[in-house]
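In: here is my input; please provide its structure:
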Amino acid sequence: MVDRLFTLEGLGQLLALPFVQNALIACAVLGLVAGALAPLIVARGMAFAVHGTAELAFTGGAAALLIGIGVGVGAVAGAVVAGLVFGVLGLRQRERDSVIGVVLAFGLGLGVLMLALYSGRASNKFGLLTGSIVSVDSTNLWVLGTVAVLVVAVMAVLYRPLLFASADPDVALARGVPVRLLSLVFAVLIGLTTALAVPIVGAILVLAVMIAPGAAAARVTASPVLATVLAVFLAELSLLGGTVLSLAPGLPVSGYVAAIAFLSYLACRLIGRLRGR
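Out: Numbers count the residues shown, from 1 in each chain. The predicted structure is shown next:
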């Protein structure tokens, strides 16, 4: 069993394949964006929003399969719609979870229905849930790159007010920071980044790269800059390491990514406890 899960046989030949190289590039891009957003997601308590957005990205991807267009385009469209809906309907903290729960249930049911109507390969359906590095082609890389540049650019411009609004929204609002508008923009950024993650790790385990690095970084440092750098590093480690480990066994990448992310979180939690003592 262990030999089936962890083997490096033929890894060199696999790394030379174009689709594997595309997948590694996609993972590197996703790790940068997800790691940059993760500390703010944790600070704002939006883990459930990420989960809900992932389900709507899954719905968009299922709709794309049914229509016959690129899954990445459909996932981006679904995730942006989710971000807008969550941002408009769930701006207040006390309303957010109920709004996400309602929309998540509707989107997940609709996505399952679309997959049932899809008559193509079963691997395409499975890949939406657990991820598939085979699905990352040059077209998807262009979509990933464009979305990543957009997210990073917006983050660079709005990082300070976003950090202020995340740390203390009441004081930020009193100081004239447009907290409601920033909440809407941030929800859309989460949606776009989630759409990047769904084709790679699947809708089920998006939390592994969107939440775990930020939660781990928060255990060892209170500095926003250091937390962001550490979260990016852990996201890259989880995605690239998980992808490489999954190649030779030929198993879904999501399980390896989630395991590395979880172990990283446990390690950072232990380091934080030791430093506290």
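In: just the buried residues of stretch 59-70, please?
Out: Neighbour counts using 16 or more other Cβ atoms under 10 Å place T59, G60, G61, A62, A63, A64, L65, L66, G70 of stretch 59-70 among the buried residues. Where C-beta positions appear, they are placed from N, C-alpha and C, glycine not excepted.
In: adding pLDDT, distance to G31 and secondary structure, write the residues you listed out as JSON lines.
Out: Output for the buried residues of stretch 59-70, formatted as JSON lines (pLDDT from 0 to 100; distance: Cβ to Cβ, whole Å; DSSP: H, G, I helix; E, B strand; the rest coil):
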{"residue": "T59", "pLDDT": "83", "distance to G31": "25", "secondary structure": "helix"}
{"residue": "G60", "pLDDT": "82", "distance to G31": "22", "secondary structure": "helix"}
{"residue": "G61", "pLDDT": "78", "distance to G31": "20", "secondary structure": "helix"}
{"residue": "A62", "pLDDT": "80", "distance to G31": "25", "secondary structure": "helix"}
{"residue": "A63", "pLDDT": "83", "distance to G31": "27", "secondary structure": "helix"}
{"residue": "A64", "pLDDT": "80", "distance to G31": "24", "secondary structure": "helix"}
{"residue": "L65", "pLDDT": "77", "distance to G31": "26", "secondary structure": "helix"}
{"residue": "L66", "pLDDT": "80", "distance to G31": "30", "secondary structure": "helix"}
{"residue": "G70", "pLDDT": "69", "distance to G31": "22", "secondary structure": "coil"}
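In: which residues sit in contact with the residue lying closest to V103 once chain neighbours are set aside?
Out: Of all residues not flanking V103 in the chain, V85 sits nearest, at 5.6 Å (Cβ to Cβ, 6 or more residues apart in numbering). The contact partners of V85, by Cβ atoms under 8 Å, 6 or more residues apart in numbering, come to L56, V99, V103.
In: show me which residues of the helix or strand hosting the second one are buried.
Out: V99 belongs to helix 93-117 when assigned by DSSP states H and E. The neighbour-count check on helix 93-117 (16+ other Cβ under 10 Å) flags R96, V99, I100, V103, L104, G107, L108, L110, G111, M114, L115 as buried.
In: output these in JSON lines, with distance to A23 appended to each entry.
Out: Output for these, formatted as JSON lines (distance: Cβ to Cβ, whole Å):
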{"residue": "R96", "distance to A23": "34"}
{"residue": "V99", "distance to A23": "34"}
{"residue": "I100", "distance to A23": "30"}
{"residue": "V103", "distance to A23": "30"}
{"residue": "L104", "distance to A23": "28"}
{"residue": "G107", "distance to A23": "26"}
{"residue": "L108", "distance to A23": "26"}
{"residue": "L110", "distance to A23": "28"}
{"residue": "G111", "distance to A23": "23"}
{"residue": "M114", "distance to A23": "25"}
{"residue": "L115", "distance to A23": "23"}
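In: tell me the least confident of the residues you listed?
Out: When the buried residues of helix 93-117 are compared on pLDDT, R96 comes out lowest, with 66.
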